[in-house]
Every structure is written in structure tokens, then in C-alpha cells.
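>>> Need a 3D model of the sequence below.
(one chain, ligands or ions: 1)
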Amino acid sequence: MREKINEVYKMAKESLNGCKDLNSLNIIRVQYLGKQGEITALLKGMKDVSKEEKPEIGQLINNARCEIENEIETLQKKFEEEELANKLNGEKIDISEPSKVVEKGEIHPLNKVFDKLIDCCVAMGFEVVTGPEIEYDYYNFEALNVPKDHPARDMQDSFYITDNILMRTQTSSVQIRTMENRKPPFRIVSPGRTYRADSDATHSPVFHQFEGLVVDENISMIDLKSMLTKMLSMLFGENTKIRFRPSYFPFTEPSVEVDATCPSCGGEGCKLCKGTGYMELLGAGMVNPKVLENCGIDSKKYTGFAFGPGVDRLAMVVNKIPDLRMMFENDTKFLEQLK
Ligand code: DAH
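You can find the predicted model right below:
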């Protein structure tokens, strides 16, 4: 029996010495320690051992089992660690590889101009209001002192939906909606989309305006000029100067066309401003008393000024873009240049 125990132990030791991985270790475990295993067989053989020898033989078998168990446990740990190390090695990150470029969105150049205008005007105490893009003829024309047969309607080729309803041609309609609903004093700006049947390098059927309106006592053209100087300086640079040229709009009297010194040459004259030193930017004027009265505002007590740049035009000047349509094509190659 002693020999048998020794032999089993030696065989187990040899198998364990040659064992290379977890799989074969499991097979050895079953072979020696399992229910049908060698050690179990030795224990079963105890019944044939004489009473005197039983304690010693029992002890020997137990010792052999403990040794084998310990050895298996040690190997198990070793193989598991090796397996983990191999796995980690296989997943190693190569930090010298160039990374994937993450494309980042940007605010559209048009919206950047809108944001700047709004920030500047809000800082001057203006409130932002909006109006509908599908508008009644009354708000878009009639109440702005442009009756049905007025020649000024020819200046704005309109998309009519019915005889009475159209896609608004100007954000000036929001002036009327505001004056109908509020009592002076107030200062509002109204950013938004406008529509005209027009399409070439400087006109798009959908375009954008930024309407401004101030109504209070003692408002004069000086207020208009200083306010616009501030707004355009913020957009084009601190040293921007502006000038008024006489113009005509049915809803303002007097009306002006506002030019600012060319942001490219600072007023010297260059290709962009066609040598004039100035860029034509927007229409403005003192609110026509007739328009105030149309909205129930006492024109003897109150005066006001209004202005309405085309924001697309401003964005073209800011970014030196020759063709307005580029702004709406959503060509990312073009837009990326204006980041
Ligand atoms: N609504 C005018 C247009 O589309 C622009 C304009 C001119 C707006 C003078 C105004 C203004 O508020 O006072 O051509």
C-alpha cells in the first residue's frame, strides 16, 4: 500500500510538472482528486488495511492528497495570471497611431451676425420680439403706409398666398404688430426671415432682416445715428464711421440710406468698396407720423426711429463673400473657411 501511495504521488507530481495550461490542469485534478480519481481509489483501498496500520496509511494518503491539492492550486493561480497578462498584452493601445478627427459643428456665419446684433442691442436696452413669416397684407404693407396701388410695392416682388396674405417681404411688419400692442416708450429689435421673388448674386428668395424700432418722446435723428454707429462699430470695428444719404421709404420720414466705412480698407477706397471707401448697408429713418397714427400712437407726443438691415448683406460684408447664394448652399468646404 505504501508503494502504491508513493507511485500515485509520483505520477501526479510528474503530470503536474509537465502541465502547461488550465485545461490540462483540470484533467489532472479530475484524474487524481475526482470521484473516480486515484486518491479516492486509495482511500477506498483502506478497508483492506490492517487495523494497526490504518492510522499511518491514512495519514500518508492524506498527506499525498494535500500536496497534490496545494500544487494544483498554485498552478491554477499561475496559469490564470498568465492568461490575464496575455489578454492585456493583446489589447495594448498604440498611442503613436493618429487619432480619428472628430468633426465639430459651428454656428452658421449668418447666425453669428444675428447673435452679435442681438447682443449689442440687448445691451442697449432693446427687447427682442418676433412676428409671423406668413403675414397679412395689412401688416406687411397697408399699415406701413404702402396702400394697394402704391408704387413702392413694385420694389418688393412678393409671394402672395391669397389676395390678403403673403410671405412677409420685410420684418417691418413687426413694427406694426408691436405698436398695436404696446404703449410707448419701447425699443425693440426683430430678427427673422423674409421673402421676395428675387434671385441673383446679391438677392435670394429667402433672406434675413433685423428690424429695429424705438418710440419715445423727443427721439431724433441724432439718437438714430449714435445708435447705428454703436451697432455697426461692434460689427465692423471700433473706428467705423457712418454716413446718412437721403432716401425714400413710405414708413419713414425723413428716410436715409446708411453707409459705413469699408471694413476692408477703413475708408481709403479698395476693390471691395469699389474705391468709394464706404459700403451701403441699410435703410433707416424717423417713423412716419402716419404709421404712428395707424397704430393709435399720438404722433404729436411721440416720435421714433426705425432701421432694417439685410443681415445676409451684413454677413457678406463681414466675411467678404462675393455671392450671397454661397451662404445658403451648406457647402461645408465654404463654411469651414468662415469659422
Ligand atoms: N423694410 C425695408 C426694406 O426691406 C428696410 C427698412 C428701411 C426698414 C427703413 C426700416 C426702415 O425699419 O426704417 O427695404
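>>> Need the residues that contact whichever strand or helix holds Leu16.
For Leu16, the enclosing helix or strand under DSSP states H and E is helix 2-18. Residues from elsewhere that reach helix 2-18, judged by C-beta atoms under 8 Å, 6 or more residues apart in numbering: 25, 28, 31-32, 38-39, 42, 45, 57, 60-61, 64, 67-68, 71-72, 75. Yep, even glycine has a C-beta here, placed from its N, CA and C like the rest.
>>> What of stretch 116-130?
The set of residues external to stretch 116-130 that reach it, using C-beta under 8 Å, 6+ apart, is 174, 177-178, 186-192, 210, 212, 227, 230-231, 234-235, 311, 314.
>>> Can you say which of these are also within reach of the ligand?
Subset of those in contact with the ligand: empty, counting by C-beta under 6 Å from any ligand atom.
>>> Mind checking which of those residues are in strands?
Of the positions in the contacts of stretch 116-130, 186-192, 210, 212 sit in strands, assigned by DSSP state E.
>>> Ser220: which of those is nearest?
Arg187 (14.6 Å; C-beta to C-beta).
>>> and the closest one, what are its bridge partners?
Note on Arg187: beta-bridge partners by DSSP bridges are Val214.
>>> could you list every residue that touches the one residue in the stretch 101-250 of the chain that gets nearest to the ligand?
With C-beta to the nearest ligand atom as the measure, Gln170 is the residue of the stretch 101-250 of the chain nearest to the ligand, at 3.5 Å. Going by C-beta under 8 Å, 6+ apart, Gln170 touches 140, 156, 194, 209, 211, 308.
>>> how close does the fourth one get to Ser190?
Same thing as Gln209. With the distance defined as C-beta to C-beta, to the nearest Å, Gln209 ends up 8 Å from Ser190.
>>> Please enumerate the shared neighbours of the two.
Thr171.
>>> Count the residues that sit near Arg29.
18 (other C-beta atoms under 10 Å).
>>> meant to ask about Val317
Val317: 21 surrounding residues under other C-beta under 10 Å.
>>> which element follows the host helix or strand of Gly283 toward the C-terminus?
If you go by DSSP H and E, Gly283 is part of strand 278-287. Downstream of strand 278-287, the first helix or strand assigned by DSSP H and E is helix 289-294.
>>> what sits up against that following helix?
So helix 289-294 is contacted by 143-145, 175-176, 179, 215, 251, 253, 298-299, 302, 304 (C-beta under 8 Å, 6+ apart).
>>> Val49 contacts Gln59, doesn't it?
No - counting by C-beta atoms under 8 Å, Gln59 is not a contact partner of Val49; they are 11.7 Å apart.
>>> more crowded one of these two?
Using other C-beta under 10 Å as the criterion, Val49 and Gln59 rank with Val49 on top: 15 against 10.
>>> Check the offset of the lowest-mean-pLDDT helix or strand in the chain from the chain's centre.
When each helix and strand of the chain is scored by mean pLDDT, DSSP states H and E, helix 38-44 comes last, with a mean of 85. Centroid separation for helix 38-44 versus its chain: 74 Å, with C-alpha atoms, centre = their mean, to the nearest Å.
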